[in-house]
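>>> The sequence and its predicted three-dimensional model are supplied below.
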Amino acid sequence: MKNKINVPLVRILGIIALVAVIGFSMAACGGGGGGKLSGAYESDGTTFTFTGNKITNSFKGEVLGEGLFSTSGDELIFYHEEDGERVEDSKFIYSLEGDKLTLSIPGHPEQALVFTKK
């Protein structure tokens, strides 16, 4: 008997895991720089809105979290400030091509998610 992997299920679980990591890593305060990311990007009801160095994560219109981000090369870094120090919460590999933002967990490009600018 062959083991079958339900590809849509794996994709949904990957989306849930990525959104959970991003959502739980957000904490609002302080400053920084966001590079070239700006505006709102949406995928399957999840929206990330980048304004300056701030990011808001919402799902179907409900805000799940707000926080800070910066970019360095192809890395998108979520962080907060604690006692005046920058504390990294999570890091993703990203690319921005036209109106498409692609995010993946470092070392796992097969779980990339594509968001479209609204």
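Arrived safely.

>>> Now the terminal residues of stretch 52-65, how far apart.
Using CA to CA, to the nearest Å, the end-to-end distance of stretch 52-65 comes out at 16 Å.

>>> For that stretch, give the mean pLDDT please.
The average pLDDT within stretch 52-65 is 92.

>>> Under the pLDDT cut-off, which ranges of the chain? List them.
Scanning the chain for pLDDT under 70 picks out 1-35.

>>> now do 90
1-37, 65-67, 78-82, 84-90, 105-111 (pLDDT under 90).

>>> in it, which spans are strands?
Secondary structure of the chain (DSSP state E): strands located at 39-43, 46-51, 54-59, 62-72, 75-82, 85-97, 100-105, 108-117.

>>> Which of the residues in the shortest one are classified as buried?
If I follow you right, that is strand 39-43. Neighbour-count burial for strand 39-43, counted by 16 or more other CB atoms under 10 Å, picks out Y41, S43. C-beta coordinates here come from the backbone N, C-alpha and C atoms, glycine included.
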